[in-house]
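Visitor: I'll drop the sequence and a predicted model, then ask my questions.
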Amino acid sequence: ADVVIDFDNASGTPKPGGGTYGTSGSATVAITANDFTARDLTFSNSFNRTAHPEIKDTQAVAVKATGDRALFDNVRFLGHQDTLLADTPATTTRSRQYYRDCYIAGDVDFIFGRATAVFDHTTIDALNRGSNPNGYLTAASTQRSNPYGFLIISSTVTSSAASRSEYLGRPWHPGGDVNAIAQVVFRNTYLPAAIKTTPWTDMSGFSWRDARLREYQNTGPGAGTGTDRPQLTAAEAATYTVANYLGDWRP
């Protein structure tokens, strides 16, 4: 809390030279280098929807990270829609990111992108918009050729939103990319009552059932099983681990 890096551009904020920033360009901080580390600080995008009713595209990114081997240790990410863009430089490259003991707040698609990203002992706070659906935690766009997208492990999801109003995620296909097949696992993670009993949903005409969305041994009032909640088998769970996501990198 003593070190806060903040700005307030949104996707629809007008640029001085004309046009608007767009979602990616709205980022308070863009990290493109490999081997980046951040510890004990806050990245924030404080764009206020209510204060700017003239802006219709309200995506506002706090951090856009595209480099490989990016470590975020005890870091807060504050925003609303599209808080954290965990991405890669191109669809043909892979980038690994490790978020350890972090705090990520937002409402709509606020953890999104095609990076291979591990969220370990992280608190994910789904902010209350007072609507149903209230929001979506993830919008992964993992490339089909990449077996590992987002792993949320040994973490805690919190929300003051209404019961059964929040989705775990939906599959993002940027520009209609048919090779963006979201891969997300929530495992050994606490889920609050705000999580829907059918926690995944479609996006832009693409079915969540065609994506790679799974759970494993989650707890809390928002946890559950059933046809609409695909689970990893024990054998599959042995492969969806921190070590396998990060490969030869040991942060």
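Guide: Cool, got the structure. This is a predicted model, so every value here is computed, not measured.
Visitor: hey, where'd the helices end up in this protein?
Guide: 22-25, 234-237, 242-246 (DSSP state H).
Visitor: So for residue 184, which of these sits nearest?
Guide: With distances scored as CB to CB, the stretch of the helices of the chain nearest to residue 184 is helix 242-246 (11.7 Å). For glycine as for every other residue, the C-beta is placed from the backbone atoms N, C-alpha and C.
Visitor: buried stuff in the closest one?
Guide: For helix 242-246, burial by neighbour count (16 or more other CB atoms under 10 Å) applies to 245, 246.
Visitor: now stretch 72-82
Guide: Applying 16+ other CB under 10 Å to stretch 72-82 flags 72, 75, 76, 77, 78, 79, 80, 81, 82 as buried.
Visitor: Identify all contacting residues around that stretch.
Guide: Here stretch 72-82 makes contact (CB atoms under 8 Å, 6 or more residues apart in numbering) with 1, 11, 23, 26, 37-47, 49, 58-63, 83-84, 97-110, 112, 127.
Visitor: Convert the C-alpha atoms of that stretch to PDB, please.
Guide: What follows is stretch 72-82, C-alpha atoms only, in PDB (Å, rounded to 0.1, in the frame of the first residue of the first chain):
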ATOM      1  CA  PHE A  72       4.800 -11.000  -9.100                       C
ATOM      2  CA  ASP A  73       5.400 -11.600  -5.400                       C
ATOM      3  CA  ASN A  74       3.000 -10.000  -2.900                       C
ATOM      4  CA  VAL A  75       1.600  -7.600  -5.400                       C
ATOM      5  CA  ARG A  76      -1.900  -6.000  -5.700                       C
ATOM      6  CA  PHE A  77      -3.700  -5.500  -9.000                       C
ATOM      7  CA  LEU A  78      -6.600  -3.100  -8.700                       C
ATOM      8  CA  GLY A  79      -9.200  -2.300 -11.300                       C
ATOM      9  CA  HIS A  80     -12.700  -3.200 -12.600                       C
ATOM     10  CA  GLN A  81     -13.100  -4.600 -16.100                       C
ATOM     11  CA  ASP A  82      -9.900  -6.200 -17.600                       C
END
